[in-house]
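Chemist: sequence unknown, structure follows:
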């Protein structure tokens with residue numbers, strides 16, 4: 001319902017902020033590590049999640065869409081509520097959390113507050129496929145956006161193995177007509193333009 005808010009931070013507490021958006025103050029619960037990064041009277045954009053239950057309406061906020069996506073995944077796990085999800089996000093980066101889930105790293109998850117062995121196993125069981133699906137969708141969208149397939153995809157992979165950044169390789173590919181070139185020719189073109 002509310003995707004994000006842009007405004008000025010009016011109040012900072014341990015577990016929430018108040019952001020003034022055109023004269024209306026929104027109380028937003030956030031991970032404490034995120035709150036520490038913010039400054040009073042700073043103009044910010046906060047990605048939000050509105051949670052409505054029988055006895056409560058609460059707005060949760062995050063500085064990045066990745067944090068918001070991880071929060072939504074966490075609260076989808078049985079036994080993990082909004083407050084637990086905020087504590088987890090206060091203690092681990094979304095990318096490290098995703099890596100721990102994908103690699104079945106129960107020990108890393110157990111080190112997070114409020115997570116024991118059974119909860120860590122449940123998180124892995126319930127989120128592993130969702131995280132892999134999200135990552136593969138993002139990769140597919142990136143490849144689709146830059147029309148990288150077939151020979152270009154193989155050449156891109158080879159150039160990345162050689163240590164070149166995907167972004168730089170894509171820039172070279174965009175500037176050249178590689179549709180009729182072989183994998184070897186695309187790699188040669190890439191090496192010539194990247195070095």
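Modeler: Alright, I've got the coordinates. All values reported here derive from a predicted model rather than from experimental measurement.
Chemist: Let me know the helix or strand that residue 170 is in.
Modeler: helix 166-175 (DSSP states H and E).
Chemist: Residues contacting the next helix or strand after that helix, please?
Modeler: Downstream of helix 166-175, the next assigned helix or strand under DSSP H and E is helix 183-194. The contact list for helix 183-194, computed with C-beta atoms under 8 Å, 6 or more residues apart in numbering, reads 151-152, 154-155, 158-159, 162, 164, 168-169, 172-173, 175-176, 178, 181. In this view, the C-beta of every residue, glycine as well, is placed from N, C-alpha and C.
Chemist: switch the cut-off to 6 Å
Modeler: 151, 154-155, 158-159, 164, 172, 176, 178 (C-beta atoms under 6 Å, 6 or more residues apart in numbering).
Chemist: again, but for stretch 7-17
Modeler: By C-beta under 6 Å, 6+ apart, the list of residues contacting stretch 7-17 reads 18-21, 27-29, 35, 38, 40-43.
Chemist: are any of these buried, and which?
Modeler: Among the contacts of stretch 7-17, those scoring as buried are 19-20, 28-29, 35, 38 (criterion: 16 or more other C-beta atoms under 10 Å).
Chemist: can you put the residues you listed in TSV and add secondary structure and pLDDT?
Modeler: What follows is the buried ones among the contacts of stretch 7-17, written out as TSV (DSSP: H, G, I helix; E, B strand; the rest coil; pLDDT from 0 to 100):
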residue	secondary structure	pLDDT
19	strand	97
20	strand	96
28	strand	96
29	strand	96
35	helix	93
38	coil	94
